[in-house]
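Asker: Predicted model, plus sequence, below.
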Amino acid sequence: MDRGEFNLKQILNNLNSINFYFLLFFLVIYYRFSKSFVYESLLHLTPGRLEKLDSLPVHVSPTSLDSLTVYVTLFICAIIFAFFYNFNKGHLNQSTYNFRMQIFALVCFSPILSYFILQIIWLLQTDSSWDFEIYFMDESVGWILTNQWPFDLGLNDTRWDFYKTGLFNSVRVVIASIILSTILGIIIGVLRLSRNKLLSNLAKAYVDLFRNLPLILQLLLILVWFVTTLEPFRDVQNNNLLEWIYWSNRGFVFPKVVIQNMTYFLVGLGILLSFRVYLRYVERLSLEVETSDISSIGRDSFSQFKGKINSLILRPFNFLDRKLEPVIPDVLFLFSVLSFTFGIFRILEWNYSFSVGGIFDREPYSLFLFSLITLFYSLKMSASLERAGLNSFTENSSPDAINRKFRLTVAVILFSLIFFYLSIAVTQPNLITEKNGEVLGWGQWKFEDGTYEQVSSVFINLMLGLTLYTAAQIAEVVRGSIQSLPRGQIEAAISIGLTPYQRLNLIILPQALRSMVPALTNQYLNCWKNSSLALLVGFSDFYFILTTIVNNAGHAVPIFIVILLTYQSGSLLISAVMNNINRSVTKVKI
């Protein structure tokens, strides 16, 4: 009996099984669903339909379109049946099963994929609104922004300039909201578990209120509170702090602080980073055995080769002394932060283009990008050394050592503050209320350009809304993570005489972070996406700017692709940072 007869008998034996009738029901539904997609795909392959496909050697005849649709759909169904039968036999190993499952998924979705690809080609050919070219972004906008700090945009600036300003606005409000919501969320989450009933009930009321109240409504309530609580701009003269800080319902005005001497600023920052290198050197343990050599025992040749390549890239100075080798990435981190700081202050104008030769010409954007790469490389080197056990630290807890370290730290900080003070220039805000000796109406009042920095009310509105809403979500994450810890951990901390703060700082939160970080990632991603509600309060984020460009210039498809890519890039960046933190938190197994 050959193998073909055996398979045929197996199929006949399975005719009465439940799996066969389920598969038959699935194939009938799949046939009816995919037939229309196959028809539209074949229609696009008829002669003269798509200009870009006229060079194909084979075309579909319009007269045979209906019959060919049936044959192609039945052929796909037959392939799906063969895959199901093959999977049902259960003789495949895991790698083969995974590969065939990917092929199976590709076959199942092939009608939909082919339809969307050919339909997009058809729309590009017949509908001008589907033009993916973004040349129009180089044209001038013709309108101005009210929230453009720290940039200075005008009517002649391009749409790309406005997009960059909106992106900067989105990033700064999200970063501020994430930092504040994390701090507030941890505090509220810990207070929810407090034995003090008043604090616990207040924390519970906060979570119940801001977690269940829609964010849109919260933003509107905060906007109303700003308008009704803070006095209008006509009373700004009476609302000030020693004429250095002013406030009104338009926002807060602060003195203008600029870095007048970048050299002094970098020297002050370099002193702090050098002190970090010194402390890590003197407190680093010197190990006799390198644990990375032991970890390679029992691994196959490919894994050993991969490990040697990683060691060559991430530990190029392993020929040095074990205590001296980790100093190299610390020093590289020092210079990377200095160049990164220099580059990011110069890049705020966004007028620099990247070129390889510009790296050596100290072109600000290129220097910023180069320092970002070296900063990432230094962190990867330090992580590799930490896995090898060469970045373990100890601290001398004797009173003399603690006092000596404290005095040295204070001296370094004071010395750095002197250079920071010498590097900056502070200008007092100058409110102009008269011109040529004549008193101006309050509608003509303004602060002199170059004497102030303003935090607009819409920025504070959006930041407060995102902070309060996200903090309520984070508080529940913190509470759940703490309650998931074994009770014995807390009891052991109490038995050795730790204070409540020590228990929280040394025992509870470090262990709760293991389950807290993945949930925090979701909340940070939600904060990034919820920033699109800036449109509601009038804050000029990139979504607000790009949708305005769509209303004025059209080209909706490429604009929304830019929006999609921007949100996706931000989400991937947040996920990458949080995954790195999660690996650092969970590297020690419990």
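Answerer: Now that the structure is in, tell me what you want to look at.
Asker: Can you get me a residue count around residue 78?
Answerer: Using other C-beta atoms under 10 Å, residue 78 has 11 neighbouring residues. Every residue, glycine included, has its C-beta placed from N, CA and C.
Asker: Does anything pack onto the helix or strand containing it? Which helices or strands?
Answerer: Using DSSP states H and E, residue 78 falls within helix 65-89. Counting contacts by 3 or more C-beta pairs under 8 Å, 6 or more residues apart in numbering; DSSP states H and E, helix 65-89 packs against helix 18-44, helix 94-126.
Asker: Any stretches of the stretch 201-350 of the chain with poor pLDDT?
Answerer: Along the stretch 201-350 of the chain, the parts satisfying pLDDT under 70 run over 286-307, 347-350.
Asker: I should have written the chain there, sorry.
Answerer: In the chain (pLDDT under 70), the answer is 1-19, 89-90, 129, 131, 150, 286-307, 347-365, 587-590.
Asker: Could you list the domains of it?
Answerer: Per automatic domain parsing, the domain ranges recorded for the chain read 3-126, 159-244+428-585, 262-421.
Asker: Now do the contacts for residue 276.
Answerer: Residues near residue 276 by C-beta atoms under 8 Å, 6 or more residues apart in numbering: 330, 334.
Asker: Now do the helices in the stretch 401-550 of the chain.
Answerer: Remark: helices assigned in the stretch 401-550 of the chain by DSSP state H, counting those that start in this stretch are 457-483, 487-495, 500-502, 509-530, 534-537, 542-553.
Asker: Please apply the same query to the stretch 201-350 of the chain.
Answerer: For the stretch 201-350 of the chain, helices defined by DSSP H, counting those that start in this stretch occupy the ranges 215-229, 262-282, 291-295, 301-314, 327-346.
Asker: Could you dump the ones you listed into a markdown table and include distance to residue 142?
Answerer: Below are the helices of the stretch 201-350 of the chain laid out as a markdown table (distance: least, C-beta to C-beta, whole Å):
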| stretch | distance to residue 142 |
| --- | --- |
| helix 215-229 | 28 |
| helix 262-282 | 36 |
| helix 291-295 | 61 |
| helix 301-314 | 50 |
| helix 327-346 | 29 |
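Asker: Redo the helices and strands packed on helix 65-89 as CSV? Include distance to residue 395 and mean neighbour count.
Answerer: As requested, those are arranged in CSV below (distance: least, C-beta to C-beta, whole Å; neighbours: other C-beta atoms under 10 Å):
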stretch, distance to residue 395, mean neighbour count
helix 18-44, 64, 15
helix 94-126, 48, 14
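Asker: still on that earlier bit, tell me the most buried of the helices of the stretch 201-350 of the chain?
Answerer: Burial of the helices of the stretch 201-350 of the chain is given as mean neighbour count (mean count of other C-beta atoms under 10 Å); helix 327-346 ranks first at a mean of 18.
Asker: contact partners of it?
Answerer: By C-beta under 8 Å, 6+ apart, the surrounding residues in contact with helix 327-346 are 259, 262, 265-266, 269-270, 273-274, 276-277, 280-281, 317, 320, 352, 364-365, 367-372, 374-375, 377-379, 381-382, 385.
Asker: The helix holding residue 78 versus helix 18-44: what angle between them?
Answerer: Between helix 65-89 and helix 18-44, the angle formed by their directions is 150 degrees, by axes from the mean of the first three to the mean of the last three C-alpha atoms, to 10 degrees.
Asker: Name the residues of helix 65-89 that are buried.
Answerer: Under the neighbour-count criterion of 16 or more other C-beta atoms under 10 Å, helix 65-89 has 68, 69, 72, 73, 76, 77, 80, 81, 83, 84, 85 buried.
Asker: Could you check how far the last one is from residue 78?
Answerer: The one in question is residue 85. Distance, residue 85 to residue 78, by C-beta to C-beta, to the nearest Å: 11 Å.
Asker: got a markdown table for the helices of the stretch 401-550 of the chain, with mean neighbour count and distance to residue 120 too?
Answerer: Shown next, in a markdown table, are those (neighbours: other C-beta atoms under 10 Å; distance: least, C-beta to C-beta, whole Å):
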| stretch | mean neighbour count | distance to residue 120 |
| --- | --- | --- |
| helix 457-483 | 23 | 36 |
| helix 487-495 | 12 | 56 |
| helix 500-502 | 11 | 60 |
| helix 509-530 | 18 | 26 |
| helix 534-537 | 20 | 28 |
| helix 542-553 | 18 | 19 |
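Asker: a markdown table for the ones you listed, including distance to residue 420?
Answerer: Shown next, in a markdown table, are the helices of the stretch 401-550 of the chain (distance: least, C-beta to C-beta, whole Å):
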| stretch | distance to residue 420 |
| --- | --- |
| helix 457-483 | 26 |
| helix 487-495 | 40 |
| helix 500-502 | 31 |
| helix 509-530 | 31 |
| helix 534-537 | 33 |
| helix 542-553 | 32 |
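Asker: Spatially nearest residue to residue 191 (excluding sequence neighbours)?
Answerer: residue 203 (4.0 Å; C-beta to C-beta, 6 or more residues apart in numbering).
Asker: okay, the helices and strands packed on helix 65-89 in JSON lines with distance to residue 153 next?
Answerer: Formatted as JSON lines, the helices and strands packed on helix 65-89 follow (distance: least, C-beta to C-beta, whole Å):
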{"stretch": "helix 18-44", "distance to residue 153": "44"}
{"stretch": "helix 94-126", "distance to residue 153": "33"}
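Asker: Can you tell me which residue sits nearest the middle of the chain?
Answerer: residue 574 (2.4 Å; C-alpha atoms, centre = their mean).
Asker: show me what contacts the residue nearest to it when sequence neighbours are not counted?
Answerer: Nearest non-adjacent residue to residue 574, counting by C-beta to C-beta, 6+ apart: residue 524, 5.2 Å away. Residue 524 makes contacts with 178, 470, 574, 578, as judged by C-beta under 8 Å, 6+ apart.
Asker: about what we covered before: what about the helix holding residue 78, distance to the chain center?
Answerer: 42 Å (C-alpha atoms, centre = their mean, to the nearest Å).
Asker: all numbers from here: first residue = 50
Answerer: Okay, using 50 as the starting number, the last item reads as helix 114-138.
Asker: now that helix against helix 143-175, angle please.
Answerer: Going by the same axes, to 10 degrees, helix 114-138 makes 160 degrees with helix 143-175.
Asker: got the contact list for helix 114-138?
Answerer: Contacts to helix 114-138, defined as C-beta under 8 Å, 6+ apart, come from residues 59-60, 63, 68, 72, 76, 79-80, 83-84, 87-88, 91-92, 95, 109, 141, 146, 149-150, 152-153, 156-157, 159-160.
Asker: 6 Å instead?
Answerer: Here helix 114-138 makes contact (C-beta atoms under 6 Å, 6 or more residues apart in numbering) with 72, 76, 80, 83, 84, 87, 88, 91, 153, 156.
Asker: how close does the fifth one sit to residue 102?
Answerer: Translated: residue 84. Residue 84 is 22 Å from residue 102, by C-beta to C-beta.
Asker: same deal with residue 540?
Answerer: From residue 540 across to residue 102, the span is 73 Å (C-beta to C-beta).
Asker: and if you look at residue 516?
Answerer: Going from residue 516 to residue 102 by C-beta to C-beta gives 53 Å.
Asker: residues contacting the residue lying closest to residue 314 once chain neighbours are set aside?
Answerer: Leaving out its chain neighbours, the residue that sits closest to residue 314 by C-beta to C-beta, 6+ apart is residue 472, at 3.8 Å. Contact partners of residue 472, counting by C-beta under 6 Å, 6+ apart, are 308, 310, 313, 314.
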